[in-house]
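1. Got a sequence here, can you build the structure:
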Amino acid sequence: MTTKTFDPGVRVPFLPSPTPGRVAPAPAPAPARAVSPADLYRSGLHGAAPDLTLRGADGTCGPVPIATWLGPLTAADHDVLARAAAPVLDVGCGPGRHLVALARRGVPAAGIDAAPAAVELARSRGVRVIHASVFAGSVPGAGTWGTALLLDGNIGIGGQPVRLLARLRTLLRPDGEVLVELEAPGCASGTCAVRLEGAGAVSEWFPWARVGVDGIYGHAHLAGLTVTEVWEGHGRWFARLAAAR
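-> The predicted structure is shown next:
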């Protein structure tokens, strides 16, 4: 099994933690050649792979909630966005549902995403999106963003949460903050290889991280950030991070 060490340009949902004795659904039969994660993600966004799933090498398996990402905001989403100080950078913005909601509130915002299909969909909704990996050398507005959003599991981008958080710290203004979605207390933090499956195809493996409430404190410290707030809203968990003083 080989893994990629860069932002693959896909969004990955939270997976259930491995459970002793739990048997994951059988993996899809491997085709002659695995496809790019971004290509299979495109198929999911455009309806060609409606039952897209995510399989972890650790035995976890779960659906990719494409319909949620294409749909309206939930109450938990609205609560998080109400805490965001402008201007807002939505990291791994996907089809742009958070950006659309921020625009309706009159909040200056932009997204950044490495997936061409997601960027196209978001821009078609009239929002600003930077087509690049968040790890790219130059991000417009670096040092001026008031809030960076890491929602829908995007703390896992690149499989290196400390590196990701440290990168976001350089993009924020001195009093800027990161609003990050986490797994529930008691869930283990870690990185594993994952792949997408659907429409008779499987993607190449790529690294993705999971970070729980218990793990965010250490990750934030290593990234030069501090946790200033943790809260639960409508069954989801979030934290606010600020630069360490």
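
2. and the gap between the closest residue to residue 132 other than its chain neighbours and residue 103?
-> Once flanking residues are discounted, residue 132 sits nearest to residue 112: 6.1 Å by C-beta to C-beta, 6 or more residues apart in numbering. For glycine as for every other residue, the C-beta is placed from the backbone atoms N, C-alpha and C. Residue 112 is 16 Å from residue 103, where distance means C-beta to C-beta, to the nearest Å.

3. repeat for residue 224
-> 31 Å.

4. same thing with residue 219?
-> In this view, residue 219 and residue 103 are 31 Å apart by C-beta to C-beta.

5. As a check, name the ranges of all strands in this protein.
-> 53-56, 61-63, 88-91, 109-113, 129-131, 145-150, 172-182, 190-198, 201-202, 206-210, 225-233, 236-243 (DSSP state E).

6. Ok, which of those strands comes nearest residue 138?
-> strand 129-131 (10.0 Å; C-beta to C-beta).

7. What strands line up against the closest one, and which way round?
-> Looking at strand 129-131 with DSSP bridges, its partner strands are strand 109-113 (parallel).

8. between the strand it pairs with and strand 145-150, how many degrees?
-> Inter-element angle recorded for strand 109-113 and strand 145-150: 40 degrees (by axes from the mean of the first three to the mean of the last three C-alpha atoms, to 10 degrees).

9. what does strand 109-113 rub up against?
-> Strand 109-113 is touched from outside by 9, 86-94, 96, 98-99, 102-103, 119, 122, 127-134, 139-141, with contacts defined as C-beta atoms under 8 Å, 6 or more residues apart in numbering.

10. Provide a list of residue ranges in the chain with pLDDT below threshold.
-> For the chain, applying pLDDT under 70 flags the ranges 1-32.

11. hey, where'd the helices end up in it?
-> Remark: helices assigned in the chain by DSSP state H are 37-45, 66-70, 75-81, 97-104, 116-124, 161-171, 213-222.

12. Which elements pack onto the shortest one?
-> Applying 3 or more C-beta pairs under 8 Å, 6 or more residues apart in numbering; DSSP states H and E, one finds that helix 66-70 makes contact with helix 37-45.

13. Which strands or helices does the helix it packs on pack on?
-> The contact analysis (3+ C-beta pairs under 8 Å, 6+ apart) places helix 37-45 against helix 66-70, helix 116-124, strand 190-198, strand 201-202.

14. Just the CA trace of it, in CSV.
-> Taking Å, rounded to 0.1, in the frame of the first residue of the first chain, the C-alpha atoms of helix 37-45 are listed here in CSV:
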residue,chain,number,x,y,z
PRO,A,37,-9.0,10.6,-5.0
ALA,A,38,-10.0,13.9,-6.6
ASP,A,39,-11.5,12.1,-9.6
LEU,A,40,-13.7,9.9,-7.5
TYR,A,41,-14.6,12.9,-5.3
ARG,A,42,-15.7,14.7,-8.5
SER,A,43,-17.9,11.7,-9.4
GLY,A,44,-19.5,12.0,-6.0
LEU,A,45,-20.1,15.7,-6.2
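
15. Skipping its backbone neighbours, what lies nearest the residue most central in space within the chain in space?
-> Closest residue to the average C-alpha location of the chain: residue 154 at 1.7 Å, with C-alpha atoms, centre = their mean. Counting by C-beta to C-beta, 6+ apart, residue 154 lies nearest to residue 92, which is 3.8 Å off, once chain neighbours are set aside.

16. contacting residues for that neighbour?
-> Residue 92 neighbours (C-beta under 8 Å, 6+ apart): 11, 112, 113, 134, 150, 152, 154, 157.

17. Same check on residue 103?
-> Here residue 103 is in contact with 109, 126, 127 (C-beta under 8 Å, 6+ apart).

18. can you do 7 Å?
-> Applying C-beta atoms under 7 Å, 6 or more residues apart in numbering, we find residue 103 in contact with 109, 127.
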